[in-house]
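Q: model the structure of this input:
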Amino acid sequence: MKFKRIHKRTKKQTKRSGFLSMELVLVLPIFGIVLFALLEFTLLFYARADVVEASRIGARLATLPGVTQENVEQEVLKILPPQLGQGAVIQTELGEHAGDVVTVAVSIPMSLASPNLLWPIGYDLTEQNLYSETRMIKE
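A: Numbers count the residues shown, from 1 in each chain. I've put the predicted structure just below:
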């Protein structure tokens, strides 16, 4: 004689269908925004490091005697990656005498450094720049 098991469901064993998909629907957009933000800010931080380094190297060169503004701009563009160099705005103030302050400023649109992934939530990169300014004393 075969016995069949009869399962009686208690209140603790009630079926929970649909909860996992609903939780996924609620969490997935937030997770996507966090991933997009992580990607975008990582690219911006790397680009910022390039801009700062180009500004520093340009200022070091500008402290040397006999260096022209064109020499400084060429050196800055050589340091920047081609993607960033195409939109770079370089401003230099060369001192005339030893002991004068030399200034090199580099500005690059953020839209060249990173895709604009977070515009749907209100963080827009258009019209914003990565900027670095370095001042040194002329030799």
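Q: now the one helix or strand residue 40 maps to: average pLDDT?
A: Following DSSP states H and E, one finds residue 40 within helix 19-62. Helix 19-62 shows a mean pLDDT of 91.
Q: helices or strands up against it?
A: Contact here means 3 or more CB pairs under 8 Å, 6 or more residues apart in numbering; DSSP states H and E; on that basis helix 19-62 packs against helix 69-79, helix 82-85, strand 89-93, strand 101-109, helix 110-113, strand 129-137. For every residue, glycine as well, the C-beta is placed using N, CA and C.
Q: right, so the ones you listed: which one is the most enclosed?
A: Greatest average neighbour count among these goes to strand 101-109 (a mean of 21), per mean count of other CB atoms under 10 Å.
Q: next up, the contacts around the most centrally placed residue in the chain.
A: Nearest to the geometric centre of the chain sits residue 44, at 0.9 Å (CA atoms, centre = their mean). Going by CB atoms under 8 Å, 6 or more residues apart in numbering, residue 44 touches 110, 113, 114, 130.
Q: at 6 Å instead, please
A: 113, 114 (CB atoms under 6 Å, 6 or more residues apart in numbering).
Q: and it, how far from residue 112?
A: The gap separating residue 44 from residue 112 is 11 Å, by CB to CB, to the nearest Å.
Q: many thanks, have a good one.
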